[in-house]
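J.: Fold the following.
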Amino acid sequence: MKKVAMLLAILAATGAAQAADDTDDPAQGYIANLCSVVTQEKTVESTDSYIAKLKALDARGQSPSAQQKPEFDEDEARTVIAAWLNLSDDQKNEASQSQQACQNATLDEYQSQD
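T.: Have a look, this model is predicted:
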């Protein structure tokens, strides 16, 4: 029983730390959501189309009963999308093959924009 309680405590702490990371850096969440869209659709779309899809994903990811609902930061989302669109065609083709490759490439480009 103690092992189960310890495991639950570790899982809760991990979840809380991950949630705190997502709150501190909304770009990470936008990159993950954008890469979900990109790896499913396999075509490059317009910024406005990506914004609409990210807003929809953001809204679906929030619990209706949540006390604090973070607002969608369109400026930050546009910066993330710009990072994706700045990738070369070869980079986009490679990145669209896997979620992790997409996140790595987009994050690298995003960070180079600073």
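J.: Helices along the chain, start to end?
T.: For the chain, the helices defined by DSSP state H occupy 2-24, 26-41, 47-60, 74-86, 89-95, 99-112.
J.: among those helices, which gets the worst mean confidence?
T.: Among these, helix 2-24 has the lowest mean pLDDT, at a mean of 45.
J.: Now mean neighbour count too, for the helices of the chain, in CSV please.
T.: (Glycine included, C-beta is placed from N, CA and C.) Shown next, in CSV, are the helices of the chain (neighbours: other Cβ atoms under 10 Å):
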stretch, mean neighbour count
helix 2-24, 10
helix 26-41, 19
helix 47-60, 15
helix 74-86, 18
helix 89-95, 14
helix 99-112, 17
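J.: Now do stretch 106-114: everything it contacts.
T.: Applying Cβ atoms under 8 Å, 6 or more residues apart in numbering, the set of residues contacting stretch 106-114 from outside is 27-28, 31, 34-35, 79-80, 82-84, 86-87, 95.
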